[in-house]
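Undergrad: Sequence and predicted structure are below.
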Amino acid sequence: MLMNTSAVRPARPEKPVSSNPPMSITSQQHVTFLRRKVRTRASLANNKAIPRLSVYRSLRHISVQIIDDLTGRTLAAATDAVSGKGTKTERARLIGKEIAEKAAKAKITAVRFDRGAHQYHGRIAALADAARESGLKF
């Protein structure tokens, strides 16, 4: 059976091109994350003479730096990417102790705790508590 080519369906009408495409869910979540991060940093900006203890948390690892905001230099750093033993919370505690020891060697006694956009809970809290127990003052 031959098809009738004269009854071809018309082409779809073109959709108007939007100058502002809608954000995807992931990009909206990222924007929200960045807003929380900026809000946290703004509350820490009032005393730049004290170094900042900045925490970075990924799904697998956690790393921390002590940063002098006046010069923009990292004074001490620690990460759990080297030693992968124990649970993530246990590794965060070890990193808290390690950064407190490195801070003591660099003659740093007090820091401003920058948790980024993360809640003070779980690995972030374990790291902070271990650093406090090891002598670092927030």
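TA: Received it, and whenever you're ready, just let me know what you need. Residues are numbered from 1 along each chain as shown.

Undergrad: So, low pLDDT: which residues of the chain?
TA: Applying pLDDT under 70 to the chain flags residues 1-10, 12-13, 15-25.

Undergrad: Work out for me the element the residue positioned nearest the centre of the chain sits within.
TA: The centre of the chain sits closest to Tyr56, judged by CA atoms, centre = their mean, with a distance of 4.4 Å. In the assignment (DSSP states H and E), Tyr56 maps to strand 52-57.

Undergrad: residues in contact with the residue nearest to the centre of the chain?
TA: Going by CB atoms under 8 Å, 6 or more residues apart in numbering, Tyr56 touches 62-65, 116. Yep, even glycine has a C-beta here, placed from its N, CA and C like the rest.

Undergrad: Sheet-wise, list the partners of the strand holding Tyr56 with their directions.
TA: Here strand 52-57 has these sheet partners by DSSP bridges: strand 62-68 (antiparallel), strand 112-114 (parallel).

Undergrad: helices or strands up against the next helix or strand after the shortest one?
TA: Proceeding N to C from strand 112-114, the next assigned helix or strand is helix 123-133, under DSSP H and E. With contacts defined as 3 or more CB pairs under 8 Å, 6 or more residues apart in numbering; DSSP states H and E, the packing partners of helix 123-133 are strand 52-57, strand 62-68, helix 88-105.

Undergrad: of those, which approaches Ala126 most closely?
TA: Evaluated over the helices and strands packed on helix 123-133, closeness to Ala126 peaks at helix 88-105, with 4.5 Å, by CB to CB.
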